[in-house]
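**Q** Structure for the following, please:
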Amino acid sequence: MKDFDFLIAGGGSAGCVLAARLSEDPKVSVCLVEAGGSADSVFIRAPLGFAATAPMGLHNWGYETVPQAGFDGRRGWQPRGKVLGGSSSINAMVYTRGNPRDYDQWAALGNPGWAWDDVLPYFRAAEHSECFGATELHGSGGPLNVAWLRSPSPLGEAFMQACEQSGLPRIADYNGPRQHGVAPAQVTQKGGERCGAFRAYLQPALGRPNLTVITGATIARVCFDGRRASGLEILTKQGLQTLRARREVLLCGGAYGSPAMLMRSGIGPAAHLQQHGIAVRQDLPGVGSNLQDHATTVLIQRTARTDATLGLSLRGGATLLSAVREWRRQRSGWITSNVAEVQGFLATDGRDDWPDIQLALCTGIVDDHTRKSHWGHGYTLHVTLMRPESRGVVLLASADPQAAPVIDPAFLSSRDDLQRLVRGARIGQRILQAEALAPHRGPMLYPFPHDDEAAAEAFVRRHTDTEYHPVGTCAMGPTSDPLAVVDAELRVRGVHGLRVIDASVMPRLVTGNTNAPTIMIAEKAAALLRGTTQKIEPVHDACMA
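**A** Below you'll find the predicted structure:
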């Protein structure tokens, strides 16, 4: 079958949601195309497995940035999911929606229908909260299971006490009425297994006769009939093939994949397209611009204790083997850890209603995305800048659809970003030195120069990289915005039958992790495509094993 009502280009979080929601209507045919393969891997199902995917290069595009001036010329790493479920299949499973002011800002920028009150119903429709049940802010019965960790490390409790001793209050729910504070991580898990977008949405829908899923296929370009998107050209092992869309083509390639697909299809900055010999169909200078990402500084503390952290040691190896056996028997223990077990939000500028720093306590040494190993045990504090001023760009390296894009997040190009991150790192360092962590604390792997401003800035430049949240490269906005790529209904400007539905449409980065907001965007888009704003029913019991 080569003709479908909807073609979905990209099987990440948004693509899985759309495929499941749109195929609920048996009269509609849907085809999902993904470059990666199946998400039925133990490294995906077992929550701790994601820690192995980075150094092993599993299920991952493994992009790099261009040399970053803000990192003293160092290249940053950009892991993105290359598998059904996308980055939700390889991430740390933290469920964070952001701050209500983030979405009110989206609406204020000229995007009606995207204020907090507008998007909250879609967050609730997606969620099955084991943590809080059905409330005004949380959903029950949605596909995406959100739970507490089954076997949290005692280090997390010590860290939360250290935060309280340092003036950061403990809160029950950072997705609740107050974000400022520290709390245990809410995670997208079910029964001790990962509950990403594949498990939550796509897997239960795979048996539907009106849903076709093609894996191992690269999107070459969008096809057009005049000004209307009419299909996709895809590269498979069998060669170049064409799929046709009777209704719409939906791009869900993420902050790097979607602008690249648009540009290869002749939609983007005219001069850049002509440079690569691509005929210009629609000059949209905003395609690939407005790239924003969360920059995170890592503070790594060694510890002599082996009971509360994972590490490279004889004791650590024995613990891991025992943990594997426990997980196989009863889906509990260390293998259910998401590593980033505690989350906190704080303000370096006194605006507690809209924090600018996120903290994540990791129960192991996380140096260079775990790609750099160290003997022994330790724990890591991620100090992450929430709403950077820095803006980057993603461009084509060539017209070849298999060539990696050119990624320049322009990390720390704003002086304010650097200063806020230094202030956040100072606060993080004070928390790590609080009395509650004394029983765990050893020497820092890389000592932080707390009292020397120039040295602190140099430390941040050396020990900062992505927190894996690129957004904004196909930003939605009004016609008055020359860099807007899609409108408030996510339709690509200047053409018909083509939408972008993923994190790339976010006009501004949110105050928190981006997977939950991406799923919300896809839920809202599915409602738009179905022509309804009524309550969406769950697709199934969340993440059934």
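
**Q** Gln301 belongs to a strand?
**A** Yes. According to DSSP: H, G, I helix; E, B strand; the rest coil, Gln301 belongs to a strand.

**Q** Contact partners for it?
**A** Residues in contact with Gln301, defined by Cβ atoms under 8 Å, 6 or more residues apart in numbering, are 378-381, 432, 437, 440-445. Using the backbone N, CA and C atoms, a C-beta is placed for each residue, glycine as well.

**Q** of these, closest to Gly181?
**A** Nearest to Gly181 among these, counting by Cβ to Cβ, is Leu381 at 15.9 Å.

**Q** now for the helix or strand that contains Met263, which elements pack on it?
**A** Secondary structure assigned from DSSP states H and E places Met263 in helix 254-264. If you count contacts as 3 or more Cβ pairs under 8 Å, 6 or more residues apart in numbering; DSSP states H and E, helix 254-264 packs onto strand 218-225, strand 239-251, strand 393-395.

**Q** And the strands in the stretch 401-545 of the chain?
**A** For the stretch 401-545 of the chain, applying DSSP state E, counting those that start in this stretch gives strands covering 406-408, 464-466, 498-500.

**Q** Partner strands of the second one and their direction?
**A** Pairing partners of strand 464-466, with direction, according to DSSP bridges: strand 295-303 (antiparallel).

**Q** So for the partner strand, mean pLDDT?
**A** The pLDDT scores in strand 295-303 average 98.

**Q** buried ones in that strand?
**A** 295-303 (16 or more other Cβ atoms under 10 Å).

**Q** and what of stretch 478-497?
**A** Buried, per 16+ other Cβ under 10 Å, within stretch 478-497: 481, 484-488, 490-493, 495, 497.

**Q** about what we covered before: tell me the one among the contacts of Gln301 nearest to Thr348.
**A** Once Cβ to Cβ is applied, the member of the contacts of Gln301 that ends up nearest Thr348 is Leu381, at 15.2 Å.

**Q** separation between that closest one and Gln343?
**A** 11 Å (Cβ to Cβ, to the nearest Å).

**Q** what do you get for Thr65?
**A** Thr65 is 26 Å from Gln343, by Cβ to Cβ.

**Q** Kindly report the same for Arg461.
**A** 25 Å.

**Q** Compare those two and say which one has the larger neighbour count.
**A** The neighbour comparison of Arg461 against Gln343 (other Cβ atoms under 10 Å) goes to Gln343, with 25 against 21.

**Q** coming back round to it: of the strands of the stretch 401-545 of the chain, which is nearest Arg227?
**A** So among the strands of the stretch 401-545 of the chain, strand 498-500 is nearest, using Cβ to Cβ, at 9.6 Å.

**Q** And that closest one, what does it pack against?
**A** strand 239-251.

**Q** Could you check the angle the strand it packs on makes with helix 254-264?
**A** 120 degrees (axes from the mean of the first three to the mean of the last three Cα atoms, to 10 degrees).

**Q** and strand 239-251, C-alpha only, in PDB?
**A** Once non-C-alpha atoms are left out, strand 239-251 reads as follows in PDB (Å, rounded to 0.1, in the frame of the first residue of the first chain):
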ATOM      1  CA  GLY A 239      16.100   2.000  -2.900                       C
ATOM      2  CA  LEU A 240      14.100   5.100  -3.400                       C
ATOM      3  CA  GLN A 241      10.300   4.800  -2.900                       C
ATOM      4  CA  THR A 242       7.400   7.200  -3.000                       C
ATOM      5  CA  LEU A 243       4.500   7.300  -0.500                       C
ATOM      6  CA  ARG A 244       1.400   9.400  -1.300                       C
ATOM      7  CA  ALA A 245      -0.700  11.300   1.200                       C
ATOM      8  CA  ARG A 246      -4.400  12.000   0.400                       C
ATOM      9  CA  ARG A 247      -4.800  14.400   3.300                       C
ATOM     10  CA  GLU A 248      -1.600  15.700   5.000                       C
ATOM     11  CA  VAL A 249       2.100  15.100   5.500                       C
ATOM     12  CA  LEU A 250       3.200  15.500   9.100                       C
ATOM     13  CA  LEU A 251       6.800  16.100   9.900                       C
END
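
**Q** so how far is it from its chain's centroid?
**A** 26 Å (Cα atoms, centre = their mean, to the nearest Å).

**Q** my guess is Gly311 meets Gly376, correct?
**A** Yes. With contacts counted by Cβ atoms under 8 Å, Gly311 reaches Gly376, the gap being 5.6 Å.

**Q** Show me whatever sits in contact with both of those two.
**A** Ile365.

**Q** returning to that earlier point: closest to Gly141 out of the helices and strands packed on helix 254-264?
**A** strand 239-251 (25.5 Å).

**Q** hey, which helix or strand in the chain has the poorest pLDDT?
**A** Here the helix or strand of the chain ranked lowest by mean pLDDT, DSSP states H and E is helix 50-56, holding a mean of 83.

**Q** hang on, the earlier thing: okay, the helix holding Met263 in PDB with CA atoms only?
**A** What follows is helix 254-264, C-alpha atoms only, in PDB (Å, rounded to 0.1, in the frame of the first residue of the first chain):
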ATOM      1  CA  GLY A 254      12.500  16.800  16.000                       C
ATOM      2  CA  ALA A 255      14.600  20.000  16.200                       C
ATOM      3  CA  TYR A 256      17.200  18.700  13.800                       C
ATOM      4  CA  GLY A 257      15.300  16.300  11.600                       C
ATOM      5  CA  SER A 258      12.200  18.400  10.700                       C
ATOM      6  CA  PRO A 259      14.100  21.500   9.500                       C
ATOM      7  CA  ALA A 260      16.400  19.300   7.500                       C
ATOM      8  CA  MET A 261      13.500  17.600   5.800                       C
ATOM      9  CA  LEU A 262      11.900  21.000   5.000                       C
ATOM     10  CA  MET A 263      15.200  22.300   3.500                       C
ATOM     11  CA  ARG A 264      15.700  19.200   1.400                       C
END
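
**Q** Cool, thanks, signing off.
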